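>>> requesting a structural model of the entry that follows:
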Amino acid sequence: MPTTLTQAGTAFSFSAEQQQQLYLIIKHHVGILPSSDVAALCKQYDQPVDAILRACLPIAAQFAVAPISQFFVGAIVCGLDSQGELHFYFGANVEFSQQALSLVVHAEQSAINNAWLNGAKKIVKIAISDAPCGYCRQFMNELADAQSFDILLPKQQFKLAELLPCAFGPNDLGNVYSLFNPAPQQHQFVTRAELDAKLLDCALSAYVPYSENYSAVKISTFNNGDFYGCYAENAAYSPSLSPLQSAISQLHLAGLLMNKEVVQGIELLQTQGKENQLSVSQAVLASYPELPVLQSISLALCIKPTVV
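Predicted coordinates for the structure are as follows:
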C-alpha cells in the first residue's frame, strides 16, 4: 500500500528567494545538486533528505519547456555515485512545438537520463511533482533498481511494482541487462581522427540491447561548451529516449535554450548498418528551423583487440 504523509511531513518548503538561489546552483552544475550541498541543506534546515528532495521539486519544474501543455513537471533522482555519495539529479519535461506529442521528453526520463549521463551507479529514490504517467512507469521499469527504489510524490510514496503491476520488462525480451547495468562493451568504432573522442565514448555507452545502434549526439554551443546525449532503449520500445532528446534535455538543465544564439552545431553518430535515429532527430529539429543543419555520421563497429 502507498505511504501517505502526515500534514507535518509536507510542511517544509523553500521560500521564493531560496528557490532562486538553489536554481542558480543547480543550473551551474547542469542539473545536479552535489552531495555536499544536499548535506548542507539537511543540516541548515534540520530536515531529512526526503523533505529536502520534495522541497526541490518546484525548482526542478523551473527547467521545464512546455510550449504545448503549459504543464511544468519536475523530477529528481536521488542517486549514489561510484564513491557512494548521494546527489540530486534534476529533470523536467521538454516539448517540441508543432511536432508529434510522442517526441516529448518526460520529466522522469530527463532526471534518469541526467543521473545516467553523469555517472550515477544506483538510484535510491525518484521524486516527482505529479503522478507518473504509464509511459514513465514503463521507462523506469528498465532500470537496474526498478524493484527497490522509492517513488516520492508530494504527499505519497510508492514502489514501482505498486504503480506498474504485471510489468513487461527486459527479461521478457531475453535481456538480462538493464539501464545502469548494461552488458560489458566488447566493441569499438572504426574511427576517423577528426571525430570528437567524447562523442565516440558516449555512443559506446549507449544502452541499446534491442537495436544495437550505439548512438550519441553532440550539441555545440557558441559560449557554453558542448552537451552530449546517449541513446537509451526500452523493452516496450516507445519509451526509448533518443540521443538528441537526451542532449537537448541536458542543455535545458543548464538553463539554455535551443536557438541560433546558443547552438553552433549538432552532430549525430550512429552505428553503421543499425541506424534508426536520423528521422526522429530531423523531426525534433523541425521545431527549430533556424538551427544549423544536423550532421549525421555512421561508423562501423569492430571487436576490441585482445590485450595480451
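>>> count the residues that sit near the residue nearest to residue 35 when sequence neighbours are not counted.
Among residues not flanking residue 35 along the chain, residue 85 sits closest, at 4.1 Å (Cβ to Cβ, 6 or more residues apart in numbering). Glycine gets a C-beta too; all of them are placed from N, C-alpha and C. Using other Cβ atoms under 10 Å, residue 85 is surrounded by 13 other residues.
>>> and what of residue 18?
By other Cβ under 10 Å, the residues close to residue 18 number 14.
>>> name the residues that touch the helix or strand it falls within?
Secondary structure from DSSP states H and E places residue 18 in helix 16-28. Outside helix 16-28, the residues within contact range by Cβ atoms under 8 Å, 6 or more residues apart in numbering are 14, 32-33, 37, 56, 58-59, 62-63, 90, 253-255.
>>> which ones among the residues you listed map onto strands?
Cross-referencing the contacts of helix 16-28 against strands under DSSP state E gives 32, 33, 90.
>>> need these in JSON lines (columns: pLDDT).
Shown next, in JSON lines, are these (pLDDT from 0 to 100):
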{"residue": "32", "pLDDT": "98"}
{"residue": "33", "pLDDT": "98"}
{"residue": "90", "pLDDT": "98"}
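>>> so where is the protein shaky, pLDDT-wise?
1-11, 306-308 (pLDDT under 70).
>>> give me the domain ranges for it.
Domain ranges of the chain: 13-168, 187-303, per automatic domain parsing.
>>> show me the contact partners of stretch 294-308.
Residues outside stretch 294-308 that contact it (Cβ under 8 Å, 6+ apart): 185-192, 195, 214, 265-273, 275, 278, 281-282, 285.
>>> the same query, at a cut-off of 10 Å, please.
The contact list for stretch 294-308 (Cβ atoms under 10 Å, 6 or more residues apart in numbering) reads 185-192, 195, 199-200, 203-204, 212-215, 217-218, 244, 265-275, 277-278, 281-282, 284-285.
>>> on that earlier part again, farthest-apart pair in the contacts of helix 16-28, please.
The span of the contacts of helix 16-28, defined through Cβ to Cβ, is set by 14 and 254 at 21.1 Å.
>>> which parts of the helix holding residue 18 are buried?
19, 22, 23, 26, 27 (16 or more other Cβ atoms under 10 Å).
>>> picking that back up, turn the contacts of helix 16-28 into a markdown table, including neighbour count and distance to residue 222.
Shown next, in a markdown table, are those (neighbours: other Cβ atoms under 10 Å; distance: Cβ to Cβ, whole Å):
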| residue | neighbour count | distance to residue 222 |
| --- | --- | --- |
| 14 | 18 | 33 |
| 32 | 22 | 23 |
| 33 | 23 | 27 |
| 37 | 17 | 29 |
| 56 | 26 | 30 |
| 58 | 18 | 31 |
| 59 | 24 | 27 |
| 62 | 17 | 24 |
| 63 | 25 | 21 |
| 90 | 31 | 24 |
| 253 | 26 | 18 |
| 254 | 18 | 13 |
| 255 | 16 | 15 |
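>>> how far does stretch 47-61 stretch from start to finish?
21 Å (Cα to Cα, to the nearest Å).
>>> brain fart, stretch 214-230
Chord length of stretch 214-230, first to last residue, is 8 Å (Cα to Cα).
>>> swap in stretch 173-184?
End-to-end distance of stretch 173-184 (Cα to Cα): 18 Å.
>>> let the chain start at 50 from now.
I'll keep to 50 as the first residue from here, and by that count the last item is stretch 222-233.
>>> ok, and what's touching it?
128, 161-162, 164-165, 169-172, 188-195, 218-220, 254-259, 281-286, 290.
>>> can you rerun that using 8 Å?
Residues contacting stretch 222-233 (Cβ under 8 Å, 6+ apart): 161, 165, 169-172, 191-195, 219, 254, 256, 258-259, 281, 284.
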